[in-house]
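Asker: Return atomic coordinates for the entry below.
(2 chains)
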Amino acid sequence: ETGVTQTPRHLVMGMTNKKSLKCEQHLGHNAMYWYKQSAKKPLELMFVYNFKEQTENNSVPSRFSPECPNSSHLFLHLHTLQPEDSALYLCASSQGQQAPDFYEQYFGPGTRLTVT
Amino acid sequence: DQQVKQNSPSLSVQEGRISILNCDYTNSMFDYFLWYKKYPAEGPTFLISISSIKDKNEDGRFTVFLNKSAKHLSLHIVPSQPGDSAVYFCAASLYGGATNKLIFGTGTLLAVQP
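Answerer: Alright, predicted model coming up:
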């Protein structure tokens, strides 16, 4: 595998389910990001991890819980989601969080989440 | 309120002609601007960038222009090719503090007709 991979690519879940999204980067990067892209809205930054430490939580509801066990893996744990949480969830990584490293972010293909 | 705006959701251009994608921003603290390109079922990929202290950056067929007084940047693609058909996102860098961020626009879908 190369670049940034995300699994699953598609997920349908009920509002009472618990699921997790997985992201893995094979680039040796130190910073990882979760973004949300809703229809006709810009990519919204959700969380930032730098050297496994969370440095940003962009006012994300607690039903989204990130986990970064090491610099290569990032998870997004989901529980009791709402239908408005249906969106494309993108993971990205960058060499670091300092300029100019964070300008060029490498994205995975995303997980298309539908909450029913 | 959106800090980075791409007011044209779509653009159609003939192969060989120039494509011009536009982006406006509101925050004068942005220090760097970038364009990302996204094909269906793939994540966005970095295309070209420009520092806020410059007004032009060129890379092959791609040129980005920055007009700081108007808070406007544009991406020119010339000549346009069918493989350029994709969604183009404008992004701006907010640097400083504990976390550095990219703020994205909503994207413009470019269709290059053969």
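Asker: how many other residues sit next to B:T106?
Answerer: 20 (other C-beta atoms under 10 Å in any protein chain shown). Backbone N, C-alpha and C define where each C-beta goes, glycine included.
Asker: isn't it right next to A:S38, touching?
Answerer: No - using C-beta atoms under 8 Å, B:T106 is not in contact with A:S38; the gap is 10.1 Å.
Asker: Spit out the residues that contact the two alike.
Answerer: Shared contacts of B:T106 and A:S38 (C-beta atoms under 8 Å, 6 or more residues apart in numbering or on different chains): none.
Asker: ends of stretch B:43-59, how far apart?
Answerer: 21 Å (C-alpha to C-alpha, to the nearest Å).
Asker: Tell me the buried residues in that stretch?
Answerer: Going by neighbour count (16 or more other C-beta atoms under 10 Å in any protein chain shown), the buried part of stretch B:43-59 is B:43-44, B:46-50, B:52.
Asker: same for chain A: which of the residues you listed are within range?
Answerer: Among these, the ones lying near chain A by C-beta under 8 Å from any C-beta of the partner chain are B:43-44, B:46, B:49.
Asker: Spatially, and excluding backbone neighbours, which residue is closest to the residue of chain B found nearest chain A.
Answerer: Across chain B, no residue is closer to chain A than B:G43, which sits at 2.9 Å (C-beta to the nearest C-beta). Nearest non-adjacent residue to B:G43, counting by C-beta to C-beta, 6 or more residues apart in numbering or on different chains: A:F107, 2.9 Å away.
Asker: if we can go back for a sec, among the buried residues of stretch B:43-59, which are located in helices?
Answerer: Counting by DSSP state H, the buried residues of stretch B:43-59 place none of their members in helices.
Asker: quick check, nearest of those to B:S10?
Answerer: B:P44 (17.1 Å; C-beta to C-beta).
Asker: OK, contacts around that closest one?
Answerer: A:43, A:90, A:107, B:36-38, B:89.
Asker: quick one: which of those is nearest B:D24?
Answerer: B:F89 (13.8 Å).
Asker: separation between that closest one and A:Q37?
Answerer: Remark: distance between B:F89 and A:Q37 (C-beta to C-beta, to the nearest Å) = 10 Å.
Asker: Likewise for B:T108?
Answerer: B:T108 sits 15 Å away from A:Q37, going by C-beta to C-beta.
Asker: With A:N58 instead?
Answerer: Applying C-beta to C-beta to A:N58 and A:Q37 gives a distance of 14 Å.
Asker: ok, the two, which is more surrounded?
Answerer: Neighbour tally, A:N58 and A:Q37, criterion other C-beta under 10 Å: the higher count belongs to A:Q37, 21 against 14.
Asker: list the contacts for that one?
Answerer: Shown in contact with A:Q37 (C-beta under 8 Å, 6+ apart): A:43-44, A:87-90, A:110.
Asker: what does the biggest strand by length in chain B rub up against?
Answerer: The longest strand of chain B (DSSP state E) is strand B:86-94. Residues outside strand B:86-94 that contact it (C-beta under 8 Å, 6+ apart) are A:42-43, A:99, A:102-103, B:3-4, B:6, B:21, B:23, B:25, B:27, B:29-39, B:44, B:47, B:73, B:75, B:100-110.
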